[in-house]
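# 3D, please:
(2 chains)
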2 protein chains.
Amino acid sequence: MGNRKTISRRSLLTGSAIAAGLALVRTATGQWVNALVPEKIPLDPTKQLGAPQGKMGTRSTFEKLEKIPSDTSSRTPLHLLQGTITPSDLHFERNHGGVPAIDPNQYRLLIHGMVDKPKVFTLEDLKRLPSFSRIAFLECSGNFRTGKEELTPQQICGLTSQSEWSGVLLSTLFREVGIRPGASWFLAEGSDAAVMTRSIPMEKALKDGILALGQNGEALRPEQGYPARLFLPGWEGNTSVKWIRRIEVSDQPFMTREETSRYTEKVNGKIRQFSFDMDARSIITFPTYPVSIEKGWIEIRGIAWSGRGKVIRVDISTDAGKKWQPAMLQEPVLDKAHAYFRYFWKWDGNSTEIASRVLDETGYLQPTIGQLINARGKDMGGYHLNPITFWQVKKDGRILLRPQNWK
Amino acid sequence: MGNRKTISRRSLLTGSAIAAGLALVRTATGQWVNALVPEKIPLDPTKQLGAPQGKMGTRSTFEKLEKIPSDTSSRTPLHLLQGTITPSDLHFERNHGGVPAIDPNQYRLLIHGMVDKPKVFTLEDLKRLPSFSRIAFLECSGNFRTGKEELTPQQICGLTSQSEWSGVLLSTLFREVGIRPGASWFLAEGSDAAVMTRSIPMEKALKDGILALGQNGEALRPEQGYPARLFLPGWEGNTSVKWIRRIEVSDQPFMTREETSRYTEKVNGKIRQFSFDMDARSIITFPTYPVSIEKGWIEIRGIAWSGRGKVIRVDISTDAGKKWQPAMLQEPVLDKAHAYFRYFWKWDGNSTEIASRVLDETGYLQPTIGQLINARGKDMGGYHLNPITFWQVKKDGRILLRPQNWK
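From the prediction side, this is the model:
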């Protein structure tokens, strides 16, 4: 998990900060440090006056929450989270040219092409439009890793996260510029160094597309597209173009690099393009590697979601997929959102495998890797893989992934 | 808004952090700084490779979000937020002996009194119990300020915030120890320096009380009761005892300091005790002081909530309370949760007053300050005040609070 070396607390403080009762600093490894909290934790905290209020809350220094960054992405620690909201600083990222630094006062969004009134919007213009917010997941279509037993849910599928997204409905925005008859697609262009571009059907935009300005109550984080991004609920993350600067309305798709040479899948030898919907998926987040369990009652927990609507049911198997029993779902189950499930299981100490599978409101049941191979062929590539994840329970209580290799 | 002096970025970085692509630090004033983002923002961000992924997301340095700390509390910047979730580091705090530093490995919760099996739970014990999560607001009963025109929603009522709370239902916990016949109250005791204690009716605990371990996906923040707190949805915040270390079950209330000399209200000369429910309330969060507006269409936005259940309707007046029109409510409207409302209004440039009022599912309509005085008398103290907030709109576009003084 990287370098745990931390910066000296004291060296981070200024006299004025201490005088103001403020000592919140973050170390290079992402740990919170409040230097006014004593280094030595008292055995009886009631015998010592606590730290004063600050302008910002902190994390306990005992909580180690981190994403796993790679060259192009970072993964949410799903197995260390509770409930369904992802803290904004732990939301996964995926980018193609780094995180651009954008001055919100310089930000502009151009909408042109097959529209009645081409317009340039400032951020203030966008904030004045009718607002909207909803809770939904966002998932990268390349969200699958396997191949060894020592993998956590974060490593296997940490490229999904959930937030309350706020902003302006695309339908509102398009009403402002007037869509011409025959317009059926638009190009979304980012202002990152990759100038990310994707073609989006107008139908999706008018159904539930959002121009997002906010996330979990505050402005978007830079990694999430600050100050404005597309957000297309339930669709592959790449289409929710971040740092959006231009929308061009057309009567056909634009065939950009990221929808021709990338973000397409081989299905039985043919190439599938514009595979937007994220298929229903679930994963157990507890108990999983690297946790060990003991004999007795265990609450199996996890999340399930579908890009096509609501989760209807999650089944749990504790005998390697022979029998399945429904789990409890935490209400309210929201459309195109991570749902939280739990299932009580008494482990008898024998080796077995546990797994979850989800049924969504379209009747789609999460497949096994074998079913995926049967449907698409062995050469199906790395996008839109949502197989059931089986976890091996060893006699000594260790939990290990059942690797699912097919190439 | 306090001292804006910041710590030099470069001085906060170690060589190893830069090598790892990590440069996330927080200054004494709570600002995020990513030292790998260039100091000079490029006019065209596409011409420059962006910052790499990190282990933690950051805030844009252009976003100034802070609580207002006092000696005993800090207030959520309601007027700067979007949607309904409060970022955890901006959740209001109120404490009576500072924020204790607690080692989760040393943490213990004792449940005793009128129970079959007194028990001490470790944090690990609690995490093994059946889990639960819900989105709900938390509000301090002393959440009202007035007296001058230059007040923001944060200053007036920033002692309410909203999170997804996760943990164990109190009903589950009490099943573990077995409640004896006749048990009707319990004492909740905190491990802060104030040793905060409150008496809670068993009925509430069994209805929807939570022993909360998590907030917005992660462990509780220290200011919010890390590692465990009571959470009683819809009830005055003080009853949701933080850093809880002891629960004593009884057949009567304990008459602690905080429910006799404090957290009681004068109602027509008599003292009202155990006034747990937070009454329905709403507040416009845009446009409000210190914002100025211009003639034309404006989306009036705000939040509404009730400790007794769901928000049914929010009305808006743009003529100082003579006429009221229903606002739009953002679905889903959740039980005992902040609901987000909006209302489109065309300001003609004349001076007026705008206000919101909420109706909850019990039929309770948010009162004016006059109605509160009529019901309770002029000597009603500072708790459970939820009057309609009127905002003056001046001819020059300035928005100022209508102060509501009665003493």
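# Chain A - how does it break down into domains?
Structural domains annotated on chain A: A:88-263, A:281-401, as defined by automatic domain parsing.
# Distance from the shortest one to the middle of the chain?
By that I understand domain A:281-401. The chain centre lies 18 Å from the centre of domain A:281-401; the measure is Cα atoms, centre = their mean, to the nearest Å.
# Figure out the length between the terminal residues of that domain.
For domain A:281-401, the separation between the terminal residues is 17 Å (Cα to Cα, to the nearest Å).
# How about that domain and chain B, touching?
Yes - using Cβ under 8 Å from any Cβ of the partner chain, domain A:281-401 reaches chain B at A:297-299, A:301, A:330, A:332, A:334, A:340, A:342, A:344. Where you see a C-beta, it was placed from the backbone N, CA and C, and this is true even at glycine.
# Just the buried ones from those residues?
A:298-299, A:301, A:330, A:334, A:340, A:342 (16 or more other Cβ atoms under 10 Å in any protein chain shown).
# Including pLDDT, could the residues you listed go into CSV?
Converted to CSV, those look like this (pLDDT from 0 to 100):
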residue, pLDDT
A:298, 97
A:299, 97
A:301, 98
A:330, 97
A:334, 98
A:340, 98
A:342, 98
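# ok, back up a step: ranking the domains of chain A by burial, who's on top?
With neighbours taken as mean count of other Cβ atoms under 10 Å in any protein chain shown, the domains of chain A reach their highest mean count in domain A:88-263, at a mean of 21.
# where do the strands sit along the stretch 251-400 of chain A?
Using DSSP state E, counting those that start in this stretch, the strands of the stretch 251-400 of chain A run over residues A:265-267, A:270-272, A:281-286, A:296-305, A:311-317, A:325-326, A:328-329, A:339-347, A:352-360, A:390-393, A:399-401.
# Can you tell me which helices and strands the fifth one packs against?
For strand A:311-317, the packing partners by 3 or more Cβ pairs under 8 Å, 6 or more residues apart in numbering or on different chains; DSSP states H and E come out as strand A:281-286, strand A:296-305, strand A:325-326, strand A:328-329, strand A:339-347, strand A:352-360.
# Tell me if I'm right that residue A:247 and residue A:190 touch.
No - taking contacts as Cβ atoms under 8 Å, residue A:247 lies outside contact range of residue A:190: 11.1 Å.
# For residue A:174, give me the backbone phi and psi.
Main-chain torsions, residue A:174, degrees, to the nearest 10: phi -70, psi -30.
# Run through the residues that contact it.
Taking Cβ atoms under 8 Å, 6 or more residues apart in numbering or on different chains as the criterion, residue A:174 is in contact with A:111, A:115, A:202, A:205-206, A:249.
# repeat for residue A:150
Contacts here follow Cβ under 8 Å, 6+ apart; on that basis residue A:150 touches A:289-290, A:400-401.
# Nearest the middle, which residue of chain A would you pick?
Nearest to the mean C-alpha position of chain A, by Cα atoms, centre = their mean, lies residue A:161 at 2.2 Å.
# sorry, back to before: out of the domains of chain A, flag the one nearest residue B:211.
Of all the domains of chain A, it is domain A:281-401 that lies closest to residue B:211, at 14.9 Å by Cβ to Cβ.
# Tell me how many other residues crowd residue A:60.
21 (other Cβ atoms under 10 Å in any protein chain shown).
# what does the one 10 residues further on give?
Residues contacting residue A:70 under the criterion other Cβ under 10 Å number 12.
# my guess is it contacts residue B:52, does it?
No - Residue A:70 sits out of contact with residue B:52 when judged by Cβ under 8 Å, with a separation of 9.7 Å.
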